[in-house]
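> structure here, sequence nowhere to be found:
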């Protein structure tokens, strides 16, 4: 996400970059429009038709309702995964015997197919909201734990000694010494985590929920309504980008201000 | 020479590290006994890797895994440690780094800026440490130690890997900061001329396992410490040669 303009970042101002983005999106839409006009097929609607479907869904309130349901699930399962994954990662990084014992568990969960977790959660807990959110969180917790474990292992012993000699105490050591060192790992885990959670949530909704973008895509699939599928896909991309640019990037810039 | 008014008694019978990759252990320190008088400036010299840093780590209490004892006369001595590398927090500004050495709510926080001006960092108080030169970072590390008004100041080769002019400046700064207050200093260095220039007492350690080979008072009045001839003569008296580093020539400069 938002990686497309990294090469330009170094030598261009924000306006130039924005210009390039707009031109490239316009070009993509033009190609799409030409292809749709040439094919004249029901399964490839053009950008104009998709836009009108998008606006209709928006006006009817369906778009907001389903996107809202998806967003709420993403938020709930993400928070769950961050809290539990971070706690596990810190424990694994700090205590060697815990790491040795749980390492094989971690490998098992890391390699467990996403679909297996989702199906098992629905089978064991029923087609409920709790099952859906649990399934997404379980898929993400191992990745978070592994990243935070690496972060904990790389904590500087030099700075820990400095904090001890200057009697920082637990709270100030955590705030001024440990958390700033973990921040880059945390941000990396957040970004890769969010990218993954978005995708898993749709599958969870498709398999066992009666609202959300995933559910709506399933309905459109059964009706063979490609226009609706594309309208929701675009809405989805817009929301993800807004979160990326509006929340994650500013956070990252703030956390990295001290770097040379 | 055991002063009567010893403020610190160091007695290390044995200090060993587990050997890397095999059983057993490597002994670094052996039978070290030091009584340190209040207000004295003790330079500890010795070959690279002989255990000088380990000795300081034991005195500060970072390293508690040794046989022996470290006893301070005061019940709660204020201790500051200037490490071999500056060890500043890169994500905090210079003044935040200095202020963090104080306990929360300490009124001395109002004096941080004044102290930074004294050490020549008044202009860069709000900068992050990685934007500064190594010499400036070392000044910040000195400021962090002195904001505490320490009873004991431990310095571990604090001016290493600086060019001679910058090291000279920092030595003068250290002397300025120490003057006018009662602070007891343990100063580890392998630069023996630096030891003569600063210390009131020089303790030489042998190669590992280190024990004390020589323990001499520096008989050089303050006004002669800038005279090259007087310094060279005193250096010859204490170290018996003109070489400025202790131990084999060309040994690594950054040894522990």
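Nice, I can see it. Source: prediction; values computed, not measured.
> average model confidence for stretch A:202-210?
In this model, stretch A:202-210 has an average pLDDT of 92.
> so who does residue B:44 touch?
Neighbouring residues of residue B:44 by Cβ atoms under 8 Å, 6 or more residues apart in numbering or on different chains: B:52, B:55, B:186, B:187, B:188, B:189, B:203, B:205. Every residue, glycine included, has its C-beta placed from N, CA and C.
> out of these, which is nearest to chain A?
residue B:186 (13.3 Å; Cβ to the nearest Cβ).
> does that closest one belong to a helix, a strand or coil?
Following DSSP: H, G, I helix; E, B strand; the rest coil, residue B:186 is assigned to strand.
> spatially speaking, which residue is in the middle of chain A?
Nearest to the mean C-alpha position of chain A, counting by Cα atoms, centre = their mean, stands residue A:194 at 1.4 Å.
> quick one: buried residues of the helix or strand that contains residue A:201?
Here residue A:201 sits within helix A:179-208, counting by DSSP states H and E. Going by neighbour count (16 or more other Cβ atoms under 10 Å in any protein chain shown), the buried part of helix A:179-208 is A:180-183, A:185-187, A:189-191, A:193-194, A:196-198, A:200-208.
> what helices or strands is the helix or strand following that helix leaning on?
Sequence-wise, the next helix or strand downstream of helix A:179-208 (DSSP H and E) is helix A:213-223. Helices and strands touching helix A:213-223, by 3 or more Cβ pairs under 8 Å, 6 or more residues apart in numbering or on different chains; DSSP states H and E, are helix A:62-94, helix A:179-208, helix A:226-243.
> can you list the residues of the stretch 1-150 of chain B near chain A?
Neighbours of chain A within the stretch 1-150 of chain B, by Cβ under 8 Å from any Cβ of the partner chain: B:57, B:60-62, B:79-81, B:83, B:85, B:87, B:89-92, B:100-101, B:103-104, B:128, B:130-131, B:144, B:148.
> so who does whichever residue of the stretch 1-150 of chain A sits closest to chain B touch?
Nearest to chain B in the stretch 1-150 of chain A, going by Cβ to the nearest Cβ, is residue A:96, at a distance of 15.2 Å. Contacts for residue A:96 (Cβ under 8 Å, 6+ apart) come out as none.
> could you check the pLDDT of residue A:250?
Per-residue confidence at residue A:250 stands at 85 (pLDDT).
> that one: neighbour count?
Applying other Cβ atoms under 10 Å in any protein chain shown, we find 10 residues neighbouring residue A:250.
> kindly report the same for residue A:36.
For residue A:36, the count of nearby residues is 17 (other Cβ under 10 Å).
> nearest to residue A:159, of the helices and strands packed on helix A:213-223?
For residue A:159, the closest of the helices and strands packed on helix A:213-223 is helix A:179-208, at 7.6 Å, according to Cβ to Cβ.
> packing partners of that closest one?
helix A:62-94, helix A:114-125, helix A:129-153, helix A:213-223, helix A:226-243, helix A:249-255.
> deepest in the core, which of those is it.
Per-stretch averages of neighbours, counted by mean count of other Cβ atoms under 10 Å in any protein chain shown, single out helix A:129-153 among the helices and strands packed on helix A:179-208, with a mean of 22.
> quick one: buried residues of the helix or strand following that one?
The helix or strand immediately downstream of helix A:129-153 is helix A:157-165, counting by DSSP H and E. Within helix A:157-165, the residues that count as buried by 16+ other Cβ under 10 Å are A:159, A:160, A:161, A:162, A:163, A:164, A:165.
> can you put those residues in CSV and add distance to chain B and pLDDT?
Listed next are these as CSV, based on distance: Cβ to the nearest Cβ, whole Å; pLDDT from 0 to 100:
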residue, distance to chain B, pLDDT
A:159, 6, 96
A:160, 9, 94
A:161, 5, 94
A:162, 4, 96
A:163, 9, 95
A:164, 6, 94
A:165, 5, 93
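> wait, doesn't residue B:197 sit right on residue B:225?
Yes. Residue B:197 is within contact range of residue B:225, at 5.7 Å (criterion: Cβ atoms under 8 Å).
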